[in-house]
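Peer 1: no sequence on this one, just coordinates:
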């Protein structure tokens, strides 16, 4: 069972990276548990799928026309404990505003995943911290 769960979690990672590159709002939201909490270095914690989805939609609207040329996360540890998993690692990404120089960001990420009733995995808690503000 753990091998199957690891494959599903790796699938979640691939979907996350692909959707981020494509700015695919619907897929990104679908990867979140209803009770997701997102904690970033700036701002208050975002609680609940609707709140996180609304903030993501606003961000995508504010950056309309920008291209994402890179988004990769590399998890150094993924541990599964029954219906829960935790993972931590690093991320890097590059966005290009229209007519401007690329903006690169690197940082650290830690997530708790929750196994769903359909045996898929979704992001339950996530903390992301950029290396430079």
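Peer 2: That came through fine. Nothing here was measured: the structure is a model prediction, and the numbers come from that model. Numbering: from 1, shown residues only.
Peer 1: How far off centre is stretch 64-84?
Peer 2: Chain-centre distance of stretch 64-84: 5 Å, with CA atoms, centre = their mean, to the nearest Å.
Peer 1: My error: substitute stretch 63-75 in the last question.
Peer 2: Counting by CA atoms, centre = their mean, stretch 63-75 is centred 11 Å from the centre of its parent chain.
Peer 1: buried sites along it?
Peer 2: For stretch 63-75, the neighbour count (16 or more other CB atoms under 10 Å) marks 66, 71, 73, 75 as buried. Placement of C-beta: from N, CA and C, glycine included.
Peer 1: Same check on stretch 50-59?
Peer 2: Across stretch 50-59, burial judged by 16+ other CB under 10 Å covers 52-53, 56.
Peer 1: which among the residues you listed gets closest to residue 79?
Peer 2: Nearest to residue 79 out of the buried residues of stretch 50-59 is residue 52 (CB to CB; 23.8 Å).
Peer 1: got a list of contacts for the host helix or strand of the closest one?
Peer 2: Secondary structure from DSSP states H and E places residue 52 in helix 49-62. For helix 49-62, the external contacting residues (CB atoms under 8 Å, 6 or more residues apart in numbering) are 23, 25, 28-29, 32-36, 38, 46.
Peer 1: how does it look with 6 Å?
Peer 2: Applying CB atoms under 6 Å, 6 or more residues apart in numbering, the set of residues contacting helix 49-62 from outside is 23, 25, 29, 32, 34, 36, 38, 46.
Peer 1: With stretch 84-99 instead?
Peer 2: Stretch 84-99 has contacts (CB under 6 Å, 6+ apart) with 65-79, 102-113.
Peer 1: a markdown table for the buried residues of stretch 63-75, including distance to residue 16?
Peer 2: Below are the buried residues of stretch 63-75 laid out as a markdown table (distance: CB to CB, whole Å):
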| residue | distance to residue 16 |
| --- | --- |
| 66 | 18 |
| 71 | 8 |
| 73 | 7 |
| 75 | 11 |
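Peer 1: would you list every one of the helices in the protein?
Peer 2: Along the chain, the stretches classed as helices by DSSP state H are 2-22, 25-30, 49-62.
Peer 1: Could you check how far the helix holding residue 52 is from the centre of its chain?
Peer 2: What separates the centre of helix 49-62 from the centre of its chain is 13 Å, taken as CA atoms, centre = their mean.
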